[in-house]
Each structure stands twice: as C-alpha cells, then as structure tokens.
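>>> Predicted model and sequence below, questions to follow.
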Amino acid sequence: MKRTLPLIITFLAGVFVVVTFFIPREPFGSLEQRMLVWYSILGGFTLLLGIDSLIKHHTRKVARREKDWFYSLVTLFGLFGTLAAGIVTWAKYGTPLELASLNEVGGFFWVYKWIMVPLQGTMFALLAFFIASAAYRAFRARTFDATLLLIAAILVMIGRLSMGVVPATLVLAVLLVAAGIHRLLIRKPVFGAVLAALGVGLGVLVLAFPQDAIRLAPQVQEWLMSVPQTAARRGILIGVTLGTIAMSIRIILGIERTYISST
Amino acid sequence: MKFLKWLTNIDRRIIFLLMIGVVLVPMLFTIPIPFEVGEPVRKAFNAIDTLKPGSVIMFSVDYDATSYPECQPMIVAITNHAFRKDLRIILLGHIPTGLPLGQEAVERGAAEYNQNHEAEYQQAVEHAGEELDKYTAGYQEALKTAAAEFNQEYTLQHQETLDSLVFHYLEEVDSAAIKFQKHIFEYWKAVQYAGEEFNRHAAEYQKILKGDVREQNPGYVRILERAAAEYNKHITEYQEALEHAADQYLKRYGIDFVNLGYRPGMVPIIVGMGREIRDFYRQDYQNINVDSLPMMVGVHNYDDVAILASFAHGIQVETWIAFAGARFGQQIIGGVTGVVAPDLYPYLQSGQLAGFLGGLKGASEYESLIERKGLATRGMPAQSTAHILVIILIVIGSIAEFAMDLAERRRRR
C-alpha cells in the first residue's frame, strides 16, 4: 500500500493533467487552472522544506564540529542575517522590497546588492580564467576530428570579435599551416597538403582583403551556428523530447518508480 | 626541447595573469567599434520596433548576478527601446535573486527617459501654468470688479482663505514630492488626493461665504458663482494638461511599467497565465493590488501581451516557447548568455522565436541598432581581447605539441 497509493495518485494526476491540457472546454479548463494554482502554492512549500533541510544539515554540522563546520556557521549566519535584514526593512518601509534599486536601498536590498550580487558575479567571473586554462590544455589539433572542431571553434570565436579579426584570423592561418606541415611530415600528405593550402590561402586572403575579412567573419560564424550547429542541435532536441515523452509515460503508468524509492 | 615542453604546459598562473591583463586594459579605454548586426538580433529588434505604441511587452527575468554582464545590457537596451516606442512593460521572473536586477534596469530606463524628456515636460507644465495664470488673473479681476460694484467687505476674507487653501495644497504636493521621489506613481496619487481635498475645502468655503452674502446681495453671489465655475473649468483643463504632459514625457510605475514579482513554479505559471494573469499575480512586488495599477487594466492573459522577452541564463526561453508559444501562440524573443544562444537557433528557424540576443555580442548589436552605447559596447573590446588570448594560447599549445610529436618520432627512429 505504501508504494501502491503514490502510484495510483501519480497515475490519476498524470492522466488528469494530460486530459485537461488537451480539452480546454469547461469544466476541464477551470480545473486545469485550479491545479496549476495548487502546483504553484505547493512550489512555495517546497521552499520551506528546502530552508528546513538547510538549517538542520548545517546546525548538525556545527553542533558536532564536523569537518569545515565553520563554513556551515557562515551559511547559517548568512541565512538568518538576510532574514533579519528583511524583517527590519519590512518594519521600516512596509515591505522588504522597498527602494529596490537606484541609489537608495533598504537593509534587505543592501545585503542583496552589495553582498550577494558581487559574490555571485565573482564566482562566475572565475570561469574566464578556468576556460582559458582548460582550452589551452585540452584543445589540441591531435586528430582529424579534433582539428575540425578546433577550426570551427576558432571561427566562431573570431566571428564574435569586435576588434582584432585580422590578427586572430592570421593566427588561425598559422595554426592551419603548422598542422599541415606536421601532417606532411608524419606522412599524411593529402590531409597535410589540404590544411597547409587552406592556411596559406586564408592568410593571403586576409592580408589582401582585410576589410572583407572583418565583414565576412560574423557571417561565417552565423552560418556555422545556423546550419551545421542547428542541424546537430535539432537532432539532439528531437531525441531529448522523445526521451522525455517516453519517461513521462513510464512514470504515469508506474513502470518508472525511482521517484518513490531510492532503491 | 625544454622550451617546447614548457610551451605545451604553461603554468596556469601565467595564463591567469595574462587573462587579467587582456581584460583590464581594454576596459580602461573607450574603443569605438562598428558592428555587423546578425540576423537573430535584427529580427528581435524589428519585432519590438513594429509594435504599436501602448502595446504591452512582458519581461521575464530568468537570470541572476552570475549572468549580469551578458544579460543586464540586453534588458537595459530593450527597456530603452520599449520606452522610446511608448510600450508598456510587465516585469516578472522565475529566479527570485535575479528579479531585482530587472527592476533596477527598468527603473533606470524610466529615469533615463524622464531625464531625456525633462525639458519638454517642464515646458509643457509651464505652458499649462501660464494658461491657468491668465484665467487666474481674469478670475481675480472679476472678483475685484464685483466687490467694487457691490461694495463687499467679504472680498479680502475670501481671497485670504483661498490663498491659505492654495498654500496648504502646495505644501501637500511638496511633501509628497519629498516622500515619493523615486515613485512617481505614488506621488501622483498623493497629488491627486491633495487636489481633491483642496477642491472639497474650497467648495465648502464658498458655500459658507455665499450663504452669508446671498441674503445681503444675490447679484454679487451670481457673479462669484459664474467666475468660480469658469475658473474651475480651467483648473480641470490645467490638471488634464499636466496629466497629458506626464503621459507624454514621463515613464511612471503602475502606468508605464509594473513588477509582478516572483512566484514559485515556472511551468504552471506560464501555462496558467494563458487564462488569467491574476490567478497567480494578484499583487505586485510591493503587495499593491494589481487591479489598482492603471497599466494592468484590460491586461488579463497572453492575448493582451504583444511580445514576451525572456532574459535567461538557462533553458527558460525554451520553456516559454514550449508552453506560452506553442499553446497560446505568444510571440517570444530571447536574451540569453553566449552559452545558451546555440540552443535557440532551431526555434528561430522554425519561427517559434521572433529573434534573440546571444551573449555580450548580441547585446552590443542591439545597442548599435538603438544607437545607444551601453555596458555591452563598453564590454566588447575586453571580451574580444580575451577571445584572442584564448585563440593564441590554443595555437601555441597545438604548434608546440606538433613540434614535440615530430621530435619524439625522430628520437624513436
């Protein structure tokens, strides 16, 4: 019964949502709307569950002096500090969201604007450094496939430049020539000759017609994105959607049961 | 050989330092750069540009501070464009920590618009005031003539009381201006309330005054009444002229833009708003009843929203397309980070997306279309130099690896 009841509820709810989605006539239309409102309210309660879980986890960690307990203390301080700031701002202005922007901010928004936003921004800004380092280490034209991927990636990057298109394209030409020579020397004459010729041709054209190169770079990037990239993306999209539909049917019919048990 | 080995494995701290350098240096200078505008951005621009004045555009703020550098310039640019086209903006969001960023962008956009039109607004207000002054002088003249004709001792008292009422009214307006500096909508409500109070007191006063005088001199009262009726007509005209000037030259909360705030549960809200927005958003972000906001009158569901613009750093645009676009035929544009942009090309080609802005480049292209240089235009050189550094590093790494490989083969032979 412990497992059967959730399965029945899931089946009924799933079928009901599907039916109301496809039949907008009354009473199904209003029922669907009512269910959507309930869903939204339930969503609010999940936030409470999340807060409860967060407090329990970190309080336990601090109480038992577990590894890195100090960071848990910082988390709890952040949580209750923000809550206190919100209550104080509410008492002062009637809403914690008062004076949300421009130059004047209430306590709650001071925390948001001067602590949360910079912290989040800083975390994400680190990505630039790691991407540069990772791209340098991982992006090597070792094989035919890797070379193709590398050329496409560099062309997309060049297409998104607002300055330095000519030198960046020349750098790409140098890479192509080097890759071509390398392939020629390791006795892959056709691929090597093609790469070297491409590199030389690209370099000569860019030097001869720099303005055209600047004009064409975004168009090449746009073509790469809207034709080969989109074709691949569309295939993935269709696959994912079919998978989602299959999974939904499995859940509604009770074949997929992992959501009611961890085993 | 040692150098080649070093080139294939440069210390990451050196790369980090180079990255700081190439990002910081271009930020110190303003570099004017012409942009080639891509098709997705041009389509998004046209979708907004062709809307009729007064149309509603809904902003969904689905990013937070992590994507601020890419998404914030987009929302700023589109807000600017929307206000120029006299579109009205509804703000909502599915990431609670991101919505204030949208609020800030729209408020700043409104402040910028108001500042740009301040001179025109002041001119219109002054013109309305001058018109009223002309009639005020006529009214006072009529009172004086009547008093002289009928030798009334009440005239002075009449004038003094009226002056004190006007003084009180102006005091109320001033205090409202100080209290609601940033909230023009509340300010207008306070001014209107003060005006109603003034009219009520003035009417009561006139009633008492006339009651005293009527018995003594009905002819005098008739002149007073005619003058007051004429004057009231002009006061109404004056207030209408002020309101018209504000409509034309100011962007005000509740009238030109509203923020409905955050509600949990993205998909049910998107689907449910197809039927009635108020089922999920009865109050705005400050708990003001949505029905009391003039802008929301007649706005109930997607039929009343011309375009939805989702500014996102994840799959939110696709969710909008799947539920609001596919089911309700809502026209949608996207403003997404560079990482998300490739996901949207299939939707652009199928016509499910009217256009989109991808990354900082997309934002800068939009800025060039509206001829307003903003954060994106300023940020593009730094992004470009960072890209060039990455390209150079990749090329150095690859060439060094080719050389190492050849050396290794030679050694083995």
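Cool, got the structure. Numbers count the residues shown, from 1 in each chain, chains lettered A, B, ... in the order given.
>>> show me where pLDDT drops low in the stretch 1-150 of chain B?
Low-confidence regions of the stretch 1-150 of chain B, defined by pLDDT under 70, span residues B:32-34, B:140, B:142-144, B:146-150.
>>> Which residue ranges of it form helices?
For the stretch 1-150 of chain B, the helices identified by DSSP state H, counting those that start in this stretch occupy B:2-8, B:12-28, B:39-49, B:68-84, B:99-116, B:118-150, in order along the chain.
>>> Looking at the ones you listed, which is nearest to chain A?
Closest to chain A of these, according to CB to the nearest CB: helix B:99-116, at 3.6 Å. Backbone N, C-alpha and C define where each C-beta goes, glycine included.
>>> And the pLDDT at A:W69?
Listed pLDDT for A:W69 reads 92.
>>> If you could redo that for B:E276, that was the one I meant.
The per-residue confidence score, pLDDT, reads 90 for B:E276.
>>> domains of the chain?
Picking chain A for this. Using automatic domain parsing, the domain ranges for chain A come out as A:1-64, A:67-133, A:139-252.
>>> um, chain B though
Taken from automatic domain parsing, chain B resolves into B:1-30+B:374-413, B:31-117+B:254-373, B:118-249.
>>> Now for the nearest residue to B:S60 once chain neighbours are set aside: which residues touch it?
The spatially closest residue to B:S60, leaving aside those adjacent along the chain, is B:S310, at 4.4 Å (CB to CB, 6 or more residues apart in numbering or on different chains). Under the criterion of CB atoms under 8 Å, 6 or more residues apart in numbering or on different chains, the neighbours of B:S310 are B:60, B:62, B:316-317, B:320, B:332-335.
>>> If we use 10 Å, what do you get?
B:S310 makes contact with B:58-63, B:93-94, B:270, B:316-321, B:324, B:332-336, B:353, B:356, according to CB atoms under 10 Å, 6 or more residues apart in numbering or on different chains.
>>> next one: B:A363
In this structure, B:A363 makes contact with B:41, B:69-78, B:335, B:357, B:374-377, B:379-380, judged by CB under 10 Å, 6+ apart.
>>> what do you get if the cut-off is 7 Å, keeping everything else the same?
With CB atoms under 7 Å, 6 or more residues apart in numbering or on different chains as the criterion, the residues that contact B:A363 are B:70, B:73-74, B:77, B:357, B:376.
>>> tell me the two of those residues that are most distant?
B:E70 and B:A77 (12.1 Å; CB to CB).
>>> can you tell if the helix or strand B:V317 falls within touches chain A?
Using DSSP states H and E, B:V317 sits in helix B:316-320. No. Residues of helix B:316-320 contacting chain A under CB under 7 Å from any CB of the partner chain: none, with a closest distance of 8.8 Å.
>>> re earlier: where does the residue nearest to B:S60 sit: helix, strand or coil?
strand (DSSP: H, G, I helix; E, B strand; the rest coil).
>>> Same check on B:F356?
Secondary structure for B:F356, judged by three-state DSSP, is strand.
>>> quick one: it and A:Q221, what's the gap?
When CB to CB, to the nearest Å is the yardstick, B:F356 and A:Q221 sit 15 Å from each other.
>>> neighbour count winner among these two?
Set side by side, B:F356 and A:Q221 give different neighbour counts by other CB atoms under 10 Å in any protein chain shown, the larger being at B:F356 (28 against 21).
>>> Which positions in the lowest-mean-pLDDT helix or strand in chain A come out as buried?
For chain A, using mean pLDDT, DSSP states H and E, the weakest element among its helices and strands is helix A:107-111, scoring a mean of 80. When neighbours are counted by 16 or more other CB atoms under 10 Å in any protein chain shown, the buried residues of helix A:107-111 are found to be A:107-109, A:111.
>>> Could you give the separation of it from the chain centroid?
On the basis of CA atoms, centre = their mean, to the nearest Å, the separation between the geometric centre of helix A:107-111 and that of its chain is 28 Å.
>>> again, but for stretch A:141-154
Mean-position distance between stretch A:141-154 and its chain equals 24 Å (CA atoms, centre = their mean).
>>> ok, now stretch A:173-191?
Between the mean C-alpha point of stretch A:173-191 and the mean C-alpha point of its chain there is a distance of 36 Å (CA atoms, centre = their mean).
>>> Same check on stretch B:112-124?
Counting by CA atoms, centre = their mean, stretch B:112-124 comes out at 15 Å from the chain centroid.
>>> Report the rounded mean pLDDT for stretch B:360-374.
Summarised as a single mean, pLDDT over stretch B:360-374 is 91.
>>> Doesn't A:G44 lie inside a helix?
Yes. Under three-state DSSP, A:G44 sits within a helix.
>>> so the nearest residue to it once chain neighbours are set aside is in which element?
Closest residue to A:G44 in three dimensions, ignoring its sequence neighbours and counting by CB to CB, 6+ apart: B:P264, at 4.8 Å. Here B:P264, judged by DSSP H and E, is contained in no helix and no strand.
>>> Give me the pLDDT for B:P264.
On the pLDDT scale, B:P264 is placed at 84.
>>> What is the neighbour count of it?
By the measure other CB under 10 Å, the count of residues near B:P264 is 17.
>>> before we move on, what about A:M123?
Using other CB under 10 Å, A:M123 is surrounded by 11 other residues.
>>> Name all residues that make contact with it.
B:T66.
>>> quick revisit: and the residue nearest to A:G44, its phi and psi?
Dihedral angles phi and psi of B:P264 (degrees, to the nearest 10) take the values phi -70, psi 150.
>>> What does A:R257 show for phi and psi?
According to degrees, to the nearest 10, the main-chain angles of A:R257 amount to phi -120, psi 10.
>>> for B:Q331, same thing?
phi -70, psi 130.
>>> so it touches B:D303, yeah?
No. Applying CB atoms under 7 Å as the test, B:Q331 and B:D303 come out as separate, 11.7 Å apart.
>>> Which residue of the two possesses the greater neighbour count?
Between B:Q331 and B:D303, counting by other CB under 10 Å, B:Q331 is the more crowded of the two (19 against 10).
>>> need the contact list for the spatially most central residue of chain B.
Per CA atoms, centre = their mean, the C-alpha nearest to the average position across chain B is that of B:V106, at 3.3 Å. When contacts are counted by CB under 7 Å, 6+ apart, B:V106 is found next to B:79, B:89, B:91, B:257.
>>> returning to what we had before: against chain B, which of the buried residues of helix A:107-111 make the cut? List them.
Restricting the buried residues of helix A:107-111 to contacts with chain B (CB under 7 Å from any CB) yields A:F109.
>>> re the thing from before, quick one: closest of the domains of chain A to B:I399.
domain A:139-252 (4.7 Å).
>>> Just the mean pLDDT for that closest one, thanks.
Model confidence over domain A:139-252 averages 90 on the pLDDT scale.
>>> what about it, start to end distance?
44 Å (CA to CA, to the nearest Å).
>>> Whether it contacts chain B - can you check?
Yes. Part of domain A:139-252 sits close enough to chain B to count as contact by CB under 7 Å from any CB, namely A:139-141, A:150, A:154, A:157, A:160-164, A:168, A:171, A:174-175, A:178-179, A:182, A:185-186, A:215, A:218, A:222, A:225-226, A:229-230, A:233-234, A:237.
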